[in-house]
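# Fold the following, please.
(one chain, ligands or ions: 1)
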Amino acid sequence: MAITNMKRISFNAGHRLMNHGGRCENLHGHNYVAEIYVTARDTDELGRVVDFAVVKGLFKTWIDDHWDHAMILAEQDEVAIKAIRSVEPHRLYLMPWNPTAENMARYLLQRVAPALLERIDDYDIVVNKVVIWETETSCAEYTLEQCDASEPHLAEAWRQSLLDQASPGH
Ligand SMILES: [Zn+2]
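Model prediction:
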């Protein structure tokens with residue numbers, strides 16, 4: 001069996017959406033919430049997927065260090081990047097894609113989670129879903145199954161790992 005728990009992490013950040021054509025093309029901010037869904041083959045001897053403090057320690061630290069109180073921009077957004085860099089101090093985080101809630105969830109799942117999970121070896125876990133709440137009524141989710149062909153290596157390794165954990169007999 002596979003079992004999942006979720007840790008919720010709040011942060012504040014600014015962004016803008018290139019080529020939106022409307023309000024979201026302005027520099028603006030959100031009170032974001034990230035939900036990190038972690039799956040294990042089974043619970044540990046204490047009955048947990050993973051200690052919530054472990055997930056918080058990894059993901060809250062990364063978000064605090066990189067996204068919290070930062071301006072998150074697409075790396076192609078030269079005008080906005082130049083503007084933010086002209087202000088001291090500033091925190092700027094560049095994304096390979098437009099910083100929508102969808103792409104932020106995708107980035108956390110595909111790029112950030114594997115590196116963070118490498119740091120722990122006492123749990124056999126996988127992050128199988130990330131949800132980013134941009135407002136109280138708007139969120140986007142990205143799941144392991146959606147890992148696209150741009151990172152087939154990663155997607156396949158993860159898919160296999162999730163399947164291994166979920167398959168009976170393990
Ligand atoms: Zn926005």
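# Quick check, central residue of this structure?
Geometric centre of the chain, nearest residue: residue 108, 2.3 Å, by CA atoms, centre = their mean.
# quick one, strands of this protein?
With DSSP state E as the criterion, the chain has strands at 3-15, 28-40, 70-74, 92-95, 125-135, 138-143.
# by how many degrees do the last one and strand 28-40 diverge?
Orientation note: strand 138-143 sits at an angle of 30 degrees relative to strand 28-40 (axes from the mean of the first three to the mean of the last three CA atoms, to 10 degrees).
# Kindly provide the distance from the closest residue to residue 54 other than its chain neighbours to residue 108.
Among residues not flanking residue 54 along the chain, residue 120 sits closest, at 6.4 Å (CB to CB, 6 or more residues apart in numbering). Using the backbone N, CA and C atoms, a C-beta is placed for each residue, glycine as well. Distance of residue 120 to residue 108, given as CB to CB, to the nearest Å: 17 Å.
# rewinding a little: residue contacts, the residue nearest to the centre of the chain?
Applying CB atoms under 8 Å, 6 or more residues apart in numbering to residue 108 gives the contacts 34, 36, 59, 127, 130, 132, 142.
# repeat that with 10 Å
By CB atoms under 10 Å, 6 or more residues apart in numbering, the contact list for residue 108 reads 9, 34-36, 59, 62-63, 67, 116, 127, 130-132, 142.
# swap in residue 100?
Contacts for residue 100 (CB under 10 Å, 6+ apart) come out as 15, 17, 20, 24, 74, 106, 132, 134, 140.
# same question, residue 27
14-16, 71, 73, 80, 83-84.
# Go ahead and build a PyMOL selection from the buried members of those residues.
Per 16 or more other CB atoms under 10 Å, the buried members of the contacts of residue 27 correspond to this PyMOL selection:
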select buried, resi 14+15+16+71+73+80+84
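# Thanks again, I'm all set now.
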